[in-house]
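J.: Got a sequence here, can you build the structure:
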Amino acid sequence: MAELDVQPKKKNPIVWIILVLIALALLFFLMRGCNESKTTGLADTTTRDTLAKTVVDWNQVDFNTPDTTYEEVTDTGIVIRSTSKYTIYGIGENILFAKDQSEIQRAADVQLQQIAASLKKRFNGASLAVYGNTDATGTAEHNKKLGASRAEVVKDWLIQNGFSADLITVQSKGESDPVATNATEKGKKLNRSVEIVALAAK
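T.: Prediction:
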């Protein structure tokens, strides 16, 4: 009986090389996808953090902060109060507006120009909020609307004088936060004011 000389088939090395290359390519794409999702996650987190920092809770402003002075503001009708976080410029509504009106009086332009100059000097590009306050004459609803209307007019004035509309918020406290008694004319006069709050740079 003849002996069969059976030798094992030689494996083609090219097949193995191709398989290894395919495996490496798959591994590369998998790793790249993971890194991109991590980077995207970080970018999303950073964006969320940035947006969170730009959202301002204007209800947290303390209007009983200490008075201060700025050399560029010389008009005694302007009251300035300041903390490390923000500065408040206050001006009587009786200076800005006629009784129960929301059109700025011409004489008030001098005070507003001083405030604008100070804002540009110290808070250029900062977020601003304009608050309207009234006395308790009339209904609370009417006073809320009047405060908002007056604050809106001051906002418009600021925009016309070089401030960005996107950085200005309008708030109305109406009669809800009096600084003096509404039982006297003097107290009512003090309660009628507009306040411009500027956030300090971080």
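
J.: residue boundaries of the helices in the chain?
T.: Ranges of helices within the chain are 13-54, 93-96, 109-122, 140-160, 185-191, based on DSSP state H.

J.: So which elements touch the fourth one?
T.: Taking 3 or more CB pairs under 8 Å, 6 or more residues apart in numbering; DSSP states H and E as contact, the helices and strands that helix 140-160 lies on are helix 93-96, helix 109-122, strand 128-133, strand 168-174, strand 193-199. The C-beta positions use only the backbone N, C-alpha and C, and glycine is treated the same way.

J.: nearest to Glu152, of those?
T.: strand 168-174 (5.3 Å; CB to CB).

J.: What are the contacting residues of the closest one?
T.: Strand 168-174 is contacted from outside by 56, 58, 127-134, 140, 143-148, 151-152, 155, 158-159, using CB atoms under 8 Å, 6 or more residues apart in numbering.

J.: what residues go with each domain of this protein?
T.: In the assignment given by automatic domain parsing, the structural domains of the chain cover 12-55, 58-199.

J.: State the mean pLDDT of the shortest one.
T.: When you say that, I think you mean domain 12-55. Mean pLDDT, domain 12-55: 59.

J.: Determine the number of other residues adjacent to Thr134.
T.: For Thr134, the count of nearby residues is 27 (other CB atoms under 10 Å).

J.: what's it in contact with, if anything?
T.: Thr134 neighbours (CB under 8 Å, 6+ apart): Glu93, Asn143, Leu146, Gly147, Gly174, Glu175, Asn191, Arg192.

J.: Could you rerun that using 6 Å?
T.: Asn143, Leu146, Gly147, Gly174, Glu175, Arg192 (CB atoms under 6 Å, 6 or more residues apart in numbering).

J.: between the residues you listed, which is closest to Leu27?
T.: Gly147 (65.1 Å).
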